[in-house]
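J.: build me a model from this:
(chains A, B and C)
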Amino acid sequence: MDNTLNEAQREAVETLSGPLLVLAGAGTGKTRVVTYRIAHLIQHRVRPERILAVTFTNKAAREMQERAMALLGRRKRSAAKPEISTFHSLCVRILRRHIDRLGYPRDFAIYDRAEQEAVARTVLREIQAPTAFLRPSDLVSLISRWKSAGLRPPEAIAQARTDREHLAASAYRRYQKALQAAGAVDFDDLLLCTEELFARFAEVLQVEADRFDHILIDEYQDTNAVQYRIVRALALPHRNLAVVGDDDQSIYAWRGAQVEHILRFQQDWPEAKVIRLQMNYRSTQEILRWANRLISFNRHRHPKELISERSGPPPRILQFPDEEEEAAGVVGEIKARLTAGAQPKNFAILCRTNEQHRPFEQQLRKAKIPYVVVGGMSFFDRKEVRDLLAYWRVLVRPEDDQALLRILNRPPRGIGPATAEALVNASIQQRMPVWEVLQSERRPPGLPQAAVEGLDQFCQLIQEFRHRVQQEPLVETLRQMVERIGYRKEIEHTYPDPQEQESRWAAVEELINAASHYAQRTQQPNLSEFLQELTLTGPDQEEEDLLGRNAVVLMTLHSAKGLEFSEVYLVGMEEGLLPHKKSIGENEAGIEEERRLCYVGMTRAKDQLTLTLALSRHKWGKPRPTIPSRFLYEAIGKADSPNYQAVKKGQTPTSRPTREPKKK
DNA sequence: CCCTGCGCTTTTTTT
DNA sequence: AAGCGCAGGG
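T.: Sure thing, here's the model as predicted:
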């Protein structure tokens, strides 16, 4: 197998022990090295289950699993498999074994962003914070920032400077209490709790660290402080830690990722072997010329130039009057290429924000071109999905107030806002979960008759299915519960449009399907594990859909990391969008991250790269003139033009960045 | 309690 | 443009 690797790659694959740092540019075969290395280790008598590989997304994990097994051939494919997963999935598995030591139940719920915001909203209401001063979403962002830096409420309170930060820090403390009372953790807690377990309980760390002899980490540049400490703790006993990354592709600083980890690696692991990969096998030299030129404007980086042996057409810049025309233009081109025999899966449309998707989706649908939208979390944003998940979470743990309050009166059963508030007050007063004060013997007095009946009905429903879900087959029970709730009728009632009813109901069925997939591949299916898995990985229908289908891919630059396409359209190349408005400002670090984002987008292209911009773009219903992105000038080598200085100041340039200067 | 309609605010990326 | 909170009538 090794003759398909170049010399540097082979060295990275075949170094069997000790710390290893692979600094690898875009398209130089990073992931390939990790995959081959896993196969190589197994061939050299490392037991598969003693290998841990950490990837950035679940999709990457699945692909790596498949490819590594394929490399081994039939002979070596045994029942034992290496553990390949994301940090978050890894931590869930660890927590399921030990989290009770931290005072959480083993069947804890995992709250996603929307649930975090709901908790934040109630916390802010409790401390009577003016919503204009600190919105729930702001609070969640702040908490997440603190958590990914490893700060707990006391530390956050200690380091708060402004009034806003003080308020947020004390809200953080209450937020954490609320989560714990509900038996829930958020995404950041998964990491934080794991780290705490390791730090406080030596025997837990020992048990977990003993499971592996080799650890590999892909996309190491996006590791945050907490993740790093977890890895370090796991790898210290054997020191067989191989990390692979590229400082130019660090695009998650806002989530706590620190490029410094990759620079500090050699200090923490002094005997580490360092290997550099610079030969790019993905893109043509013409594409790399633009990408190299662009990224050279970043000052905080290891200087390096990617080299390619392939040649192709030069990248292009296309302009359109507005975002509708931009979408129509790009889709029109793709359509023409398809007619000429190209495959839909060769094309990707990459944008900075999710909101840019819409016009492209419309045009693709109109042109009858198959497409998939990756990411956007649209599945969990659906009301019906959230409702059902809340029902199921209540079955697992009725103490989950957040979930309980969501479904208490959905579909309507006579329990209005007044009743709900009375229940919440009673629960605060009696220091009990809402579920407890729902029981007839503890209910607050004076509730309307309709509400009392509704509550009785609700309690009976939950109790019955709580029992049944433990005794009877999982999927059938869940299906019957949906039936019993009358959810289909609720959908038909809420949405008059039959087509919409259809698509809403389809989401419900997808959820049931996900449960049946889960039940099939698991020996002892259990609802809490299913829910934990689902919130981390999404329904696995995605797998067949996105990987298997021959479709144009529409996604954000962040989701595009690690992927490649023959032809890439990088759309919305405008100031305010890329670089994004939020990062333009006082510090250069923000701009540098946006530049890396642009670089990641460009280097996804194998054969043809097209950058597009709209001269005017609608914002909140009104058209607004735009300014071409400074990155266009940098990429084509026109950063000496006065127009470049102008766009950096937010002024309209006198001419557009359309051509590359002649070579000397 | 339930439903409808009006006005107000909204500004990134994701496991 | 769209989603949310709120007021007012059934």
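J.: give me the neighbour count for A:Arg62.
T.: Neighbour count of A:Arg62, defined by other C-beta atoms under 10 Å: 17. Just so you know, the C-beta spots here come from the backbone N, C-alpha and C atoms, and that holds for glycine as well.
J.: Three-state assignment for it, please.
T.: helix (DSSP: H, G, I helix; E, B strand; the rest coil).
J.: now name the helix or strand holding the residue nearest to A:Arg624 when sequence neighbours are not counted.
T.: Leaving aside its sequence neighbours, A:Arg624 sits nearest to A:Arg617 (C-beta to C-beta, 6 or more residues apart in numbering; 6.0 Å). Assigned by DSSP states H and E, A:Arg617 belongs to strand A:605-619.
J.: from A:Tyr36, how far out is the spatially most distant residue from the centre of chain A?
T.: Distance from the C-alpha centroid of chain A, by C-alpha atoms, centre = their mean, peaks at A:Gly446 (46.2 Å). Distance of A:Gly446 to A:Tyr36, given as C-beta to C-beta, to the nearest Å: 70 Å.
J.: do A:Gln206 as well
T.: Distance check for A:Gln206 against A:Tyr36: by C-beta to C-beta, it reads 31 Å.
J.: what is the neighbour count of whichever residue of the stretch 351-500 of chain A sits closest to DNA strand B?
T.: With C-beta to the nearest atom of the strand as the measure, A:Gly416 is the residue of the stretch 351-500 of chain A nearest to DNA strand B, at 1.4 Å. Around A:Gly416 there are 15 other residues, counting by other C-beta under 10 Å.
J.: that one contacts A:Gly454, doesn't it?
T.: No: contact criterion C-beta atoms under 8 Å: A:Gly416 and A:Gly454 do not qualify, at 9.2 Å.
J.: what do these two both touch?
T.: The contact sets of A:Gly416 and A:Gly454 overlap at A:Asn409 (C-beta atoms under 8 Å, 6 or more residues apart in numbering).
J.: if we can go back for a sec, using the three-state scheme, assign the residue nearest to the residue farthest from the centre of chain A when sequence neighbours are not counted.
T.: Leaving aside its chain neighbours, A:Gly446 sits nearest to A:Ala422 (7.9 Å; criterion: C-beta to C-beta, 6+ apart). Of the three states, A:Ala422 takes helix according to three-state DSSP.
J.: burial check on A:Ala422, number of neighbours?
T.: A count of neighbours around A:Ala422, defined by other C-beta under 10 Å, yields 17.
J.: contacting residues around it?
T.: Applying C-beta under 8 Å, 6+ apart to A:Ala422 gives the contacts A:Pro444, A:Gly446, A:Leu447.
J.: now A:Leu134
T.: The contact partners of A:Leu134, by C-beta under 8 Å, 6+ apart, come to A:Leu124, A:Arg164, A:Leu167, A:Ala168, A:Ala171.
J.: what I need now is the residues you listed written out in TSV, including distance to A:Pro473 for each item.
T.: Shown next, in TSV, are those (distance: C-beta to C-beta, whole Å):
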residue	distance to A:Pro473
A:Leu124	42
A:Arg164	51
A:Leu167	49
A:Ala168	46
A:Ala171	43
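J.: so among the residues you listed, where is pLDDT lowest?
T.: On pLDDT alone, A:Arg164 ranks lowest of the contacts of A:Leu134, at 79.
J.: need the three-state assignment for the nearest residue to it once chain neighbours are set aside.
T.: Here the nearest residue to A:Arg164 in space, its sequence neighbours aside, is A:Leu134; by C-beta to C-beta, 6+ apart that works out to 6.1 Å. Assigned with three-state DSSP, A:Leu134 falls in the coil class.
J.: for the stretch 451-600 of chain A, what lies in contact range of DNA strand B?
T.: Within reach of DNA strand B by C-beta under 7 Å from any atom of the strand, the stretch 451-600 of chain A has these residues: A:Ala451, A:His493, A:Leu536, A:Met555, A:Thr556, A:His558, A:Ser559, A:His580, A:Lys581, A:Lys582, A:Ser583.
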